[in-house]
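Colleague: kindly generate the corresponding structure for this input.
(chains A, B, C and D)
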Protein chains: 2
Amino acid sequence: MDVKTVCLGMLTDGPASGYDLKKQFESTFSHFFSAGYGSIYPALSSLAESGLVSCEEIPQEGKPDRKVYAITDEGRARLLEALRDTRPCHKIRSEFLATICFAHLMPPEDIEAVVDHRLDEIAEFQEMVRHFERECLSEWHEGLRFVLGVGKTVTGAMETYIKENRHKLTQRPAAKALSG
Amino acid sequence: MDVKTVCLGMLTDGPASGYDLKKQFESTFSHFFSAGYGSIYPALSSLAESGLVSCEEIPQEGKPDRKVYAITDEGRARLLEALRDTRPCHKIRSEFLATICFAHLMPPEDIEAVVDHRLDEIAEFQEMVRHFERECLSEWHEGLRFVLGVGKTVTGAMETYIKENRHKLTQRPAAKALSG
DNA sequence: GACTTTATATATCGAATTGATATTATGCAT
DNA sequence: ATGCATAATATCAATTCGATATATAAAGTC
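Modeller: Next comes the predicted model:
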């Protein structure tokens, strides 16, 4: 599933501009799928060109036209087809974990800083989750709730693991003489 | 941190070919950082060009030369510099969760298939973890052990959440008359 | 009142990455 | 003998990333 397909899916909730979709990528989708303008705008253009979305251009003074996209019947059909892929992948790209792999090459204070930063990001995510739970969870489809639940659970587990095991990263290994 | 930096880090454990590094991306690193030949070979060429690794070409009959790369002092210095970035990102790209977001557009049997597939992948990962724990955990740096621990914990939490909540995805919402 | 930041909104561009494919040889099993 | 797995390098189009440019309005701050 590429950015095009996710955009198509988002448009099933109603017409939206590229800017609107970007906001959704930054909020509800941020913890498991990201896309920048450099992916979204070309995706929408391409979808429009192949008739999967329609585009209404609303003229604005001084600014570029606001372009509101809506999914077409053909687009809806194509989306359902794409969703039938029963082997969607789930991939992590963690520069954090990659850094930790080389912790033995780093001074302890740098390791601490990296770990602290990850915990800060986790806290930030949890804050966002609480916000969603207060504000909009009740209006959401079950799928979105499930996805938020996964994020919350997984992130909580990671937080616990990091807090319980971080001390091992800064302990230098015992003198080799003892183990060899 | 890009593929180049990770390759540089892997080479601190000793000289290796692109093929060797690919195997490491497919085993120990697979659950948090992936890279294909299309990234690895250009990365190694570029590192060699800037003197961060040296390359010994071992001629072979009929096949292209085997190229064994080793990190240089300059490469080691550059790596340490790169590792000082205290804000390495941690990003998930999950076509699985994206699909689930649109579960309300899918027939229940497709949802079941998607969820089953994810659980299969999780089981496969856990099998790999057990293999590592049996075979090589004792020789690993603390960093790599920590990273494996994170993977194990996070994946276990995801598995539990999915098993406990998957039924909600196939329950169609109650008749609107009751809630409106 | 002047200044800065934030939000609205589209667009592009080079660089990095992905995923697939090509090539060639060896060894092993059926 | 035919196919399959492994070893090993390499390339390529398509996609994605991250940063930047452009332009205006509103809202906050000194």
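Colleague: ok so A:K67 is a helix residue?
Modeller: No: counting by DSSP: H, G, I helix; E, B strand; the rest coil, A:K67 falls outside a helix, being strand.
Colleague: now check the host helix or strand of A:E56, is it near DNA strand C?
Modeller: Using DSSP states H and E, A:E56 maps to strand A:53-58. No: Strand A:53-58 does not reach DNA strand C (C-beta under 7 Å from any atom of the strand); its nearest approach is 8.3 Å. Where C-beta positions appear, they are placed from N, C-alpha and C, glycine not excepted.
Colleague: may I have that strand as PDB, with CA atoms only?
Modeller: Only the C-alpha atoms of strand A:53-58 are listed here, as PDB (Å, rounded to 0.1, in the frame of the first residue of the first chain):
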ATOM      1  CA  VAL A  53     -10.700  11.200  -7.500                       C
ATOM      2  CA  SER A  54     -12.300  14.400  -8.800                       C
ATOM      3  CA  CYS A  55     -10.900  17.800  -8.200                       C
ATOM      4  CA  GLU A  56     -12.800  21.000  -7.600                       C
ATOM      5  CA  GLU A  57     -10.600  24.100  -7.900                       C
ATOM      6  CA  ILE A  58     -11.700  27.000  -5.700                       C
END
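Colleague: and the helices in chain A?
Modeller: Per DSSP state H, chain A carries helices over the ranges A:3-10, A:18-26, A:37-49, A:73-83, A:95-101, A:108-135, A:142-165, A:167-170, A:176-179.
Colleague: count of residues packed around A:A98?
Modeller: 24 (other C-beta atoms under 10 Å in any protein chain shown).
Colleague: domains in chain A, as residue ranges please.
Modeller: A:3-83, A:95-176 (automatic domain parsing).
Colleague: could you dump these to TSV with mean pLDDT and distance to B:L52?
Modeller: What follows is those, written out as TSV (pLDDT from 0 to 100; distance: least, C-beta to C-beta, whole Å):
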stretch	mean pLDDT	distance to B:L52
domain A:3-83	93	29
domain A:95-176	93	15
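Colleague: and those domains as JSON lines, adding distance to B:L8?
Modeller: Shown next, in JSON lines, are the domains of chain A (distance: least, C-beta to C-beta, whole Å):
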{"stretch": "domain A:3-83", "distance to B:L8": "26"}
{"stretch": "domain A:95-176", "distance to B:L8": "9"}
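Colleague: got a markdown table for those domains, with distance to DNA strand D too?
Modeller: Below are the domains of chain A laid out as a markdown table (distance: least, C-beta to the nearest atom of the strand, whole Å):
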| stretch | distance to DNA strand D |
| --- | --- |
| domain A:3-83 | 2 |
| domain A:95-176 | 9 |
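Colleague: can you redo those domains as CSV, where the extra columns are distance to chain B?
Modeller: Converted to CSV, the domains of chain A look like this (distance: least, C-beta to the nearest C-beta, whole Å):
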stretch, distance to chain B
domain A:3-83, 4
domain A:95-176, 4
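Colleague: so which of the ones you listed comes closest to B:D20?
Modeller: Distance to B:D20, taken as C-beta to C-beta, is lowest for domain A:95-176 among the domains of chain A, at 16.2 Å.
Colleague: say whether DNA strand C is contacted by that closest one.
Modeller: No: for domain A:95-176, no contact with DNA strand C is found by C-beta under 7 Å from any atom of the strand; the gap never falls below 9.3 Å.
Colleague: how far does stretch A:134-153 sit from the chain's center?
Modeller: Put simply, stretch A:134-153 sits 14 Å off its chain's centre (C-alpha atoms, centre = their mean, to the nearest Å).
Colleague: how about the CA coordinates for that stretch, as PDB?
Modeller: Output in PDB follows, covering the C-alpha atoms of stretch A:134-153 (Å, rounded to 0.1, in the frame of the first residue of the first chain):
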ATOM      1  CA  ARG A 134     -11.000  12.900  25.400                       C
ATOM      2  CA  GLU A 135     -11.900  14.600  22.100                       C
ATOM      3  CA  CYS A 136     -12.800  12.300  19.300                       C
ATOM      4  CA  LEU A 137     -12.600   8.600  20.100                       C
ATOM      5  CA  SER A 138     -16.300   8.300  20.200                       C
ATOM      6  CA  GLU A 139     -16.700   9.500  16.600                       C
ATOM      7  CA  TRP A 140     -14.100   7.200  15.200                       C
ATOM      8  CA  HIS A 141     -14.600   4.000  13.300                       C
ATOM      9  CA  GLU A 142     -13.700   0.800  15.100                       C
ATOM     10  CA  GLY A 143     -10.600   0.400  12.900                       C
ATOM     11  CA  LEU A 144      -9.100   3.700  13.900                       C
ATOM     12  CA  ARG A 145      -9.800   2.900  17.600                       C
ATOM     13  CA  PHE A 146      -8.000  -0.500  17.200                       C
ATOM     14  CA  VAL A 147      -5.000   1.200  15.600                       C
ATOM     15  CA  LEU A 148      -4.800   3.800  18.400                       C
ATOM     16  CA  GLY A 149      -5.100   0.900  20.900                       C
ATOM     17  CA  VAL A 150      -2.200  -0.900  19.200                       C
ATOM     18  CA  GLY A 151      -0.100   2.300  19.300                       C
ATOM     19  CA  LYS A 152      -0.800   2.900  23.000                       C
ATOM     20  CA  THR A 153      -0.100  -0.700  24.000                       C
END
